[in-house]
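Asker: My questions concern the predicted model and sequence given below.
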Amino acid sequence: MVKGNFFRGLGYLGEGFRLIRQPGLRLFVVIPLIINILLFGLLFYFLAELFSAMIAAAMSWLPDWAWLQSLDWLFWLLYGVVILLMLAYGFVIVANLIGSPFYGYLAELTEKHLTGQEINTDDSWAQIIRDIPRSLMREVHKILYYLPRAAGLFIIGLIPVVNLLAAVLWFVFNSWMMALQYVDYPADNHRVSFPDLRRSMGESRLSALGFGLPVALAAMVPVLNLIVVPAAVCGAAAFWVRENRPSDVQNV
């Protein structure tokens, strides 16, 4: 029997957007946001330079006809579409790799804000820096969980007729992954392993899908996906407190 409440899950991202405006949480929203903007700004610039060179090379191969030479705007339009799609689908993975140490602490502060209880972790900047390798490895574990399942869905999508079902499965799977991705931050603060988290969230799967669905949709919208990551972290902390926080969790 599938447990949880899909509609309750839908509300956690909205709560996350409200929480990121709290004075005590803003710093750990702003820092990774600035890093991500700078990184993607540089990436966009270098990709534009590379694409500009590719357009010039392609145009040099075309006959010297005025109407053909004027097609460069079409290439730039194509570039814009490709870049938007790359940023939309790749942003969440890269943003989480960069911001994971900050997002773990943001989840901790959010949980403290919601419960009034301390999480007995070292919250110094030195500890945040020391946590970078462990946080990155945790992100790698999530990517390794994602890739084989995504590959399986991709193969299913190549089968005629069955690929209609694959589209629905992709949507459900991405919603599930978004919920896992962000609820993992508060779970990690309590030293709950990723396999244990998956089992725990399986017990409230409908709530998880309700939370992950709007996150997955927002992640595909350029600019909005810059803000949705910290909001999803805060929303995931609320999810953890109300849906998945084990009664026997011991703070360490």
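Answerer: Looks like it arrived, so ask away. Numbers count the residues shown, from 1 in each chain.
Asker: just for this protein, where's the confidence low?
Answerer: Residue ranges of the chain with pLDDT under 70: 1-2, 43, 47-48, 51, 54-93, 118-132, 160-161, 163, 245-252.
Asker: one more time with 50, if that's ok
Answerer: In the predicted model of the chain, residues 66, 248-252 satisfy pLDDT under 50.
Asker: what ranges do the helices span in it?
Answerer: Taking DSSP state H as the criterion, the chain contains helices spanning 6-19, 27-61, 66-69, 72-115, 125-130, 132-157, 162-189, 194-202, 205-218, 224-239.
Asker: Deepest-packed of the ones you listed, please.
Answerer: helix 224-239 (a mean of 26; mean count of other Cβ atoms under 10 Å). Backbone N, C-alpha and C define where each C-beta goes, glycine included.
Asker: can you pull the alpha-carbon coordinates of it into CSV?
Answerer: C-alpha atoms of helix 224-239 as CSV (Å, rounded to 0.1, in the frame of the first residue of the first chain):
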residue,chain,number,x,y,z
LEU,A,224,13.7,30.2,-11.5
ASN,A,225,16.1,27.2,-11.2
LEU,A,226,18.6,29.5,-9.6
ILE,A,227,16.2,30.1,-6.7
VAL,A,228,14.5,26.7,-6.5
VAL,A,229,17.5,24.8,-5.1
PRO,A,230,17.8,26.6,-1.7
ALA,A,231,14.0,26.7,-1.5
ALA,A,232,13.9,23.0,-2.1
VAL,A,233,16.5,22.4,0.6
CYS,A,234,14.4,24.3,3.1
GLY,A,235,11.2,22.6,1.9
ALA,A,236,13.0,19.2,2.3
ALA,A,237,13.9,20.1,5.9
ALA,A,238,10.2,20.7,6.6
PHE,A,239,9.4,17.4,4.8
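Asker: How far away from the center of its chain is it?
Answerer: Its chain's C-alpha centre and that of helix 224-239 lie 9 Å apart, by Cα atoms, centre = their mean, to the nearest Å.
Asker: try stretch 154-169
Answerer: 24 Å.
Asker: Contacts for it, please.
Answerer: Applying Cβ atoms under 8 Å, 6 or more residues apart in numbering, the external contacts of stretch 154-169 come out as 153, 170.
Asker: how close does Gly210 sit to Trp240?
Answerer: The spacing between Gly210 and Trp240, counted by Cβ to Cβ, to the nearest Å, is 15 Å.
Asker: which ones are touching the nearest residue to Trp170 once chain neighbours are set aside?
Answerer: If the residues on either side of it in the chain are set aside, Trp170 comes closest to Leu153, at 5.5 Å by Cβ to Cβ, 6 or more residues apart in numbering. If you count contacts by Cβ under 8 Å, 6+ apart, Leu153 has them with 166, 169-170, 173.
Asker: Could you provide those in a markdown table, with additional columns for distance to Ala219?
Answerer: Shown next, in a markdown table, are those (distance: Cβ to Cβ, whole Å):
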| residue | distance to Ala219 |
| --- | --- |
| Ala166 | 20 |
| Leu169 | 18 |
| Trp170 | 14 |
| Phe173 | 14 |
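Asker: which among these gets closest to Tyr145?
Answerer: Among the contacts of Leu153, Phe173 lies closest to Tyr145 (Cβ to Cβ), at 11.1 Å.
Asker: Verify the contact between Leu180 and Leu197 for me.
Answerer: Yes: counting by Cβ atoms under 8 Å, Leu180 touches Leu197, with 7.1 Å between them.
Asker: Sounds good, over and out.
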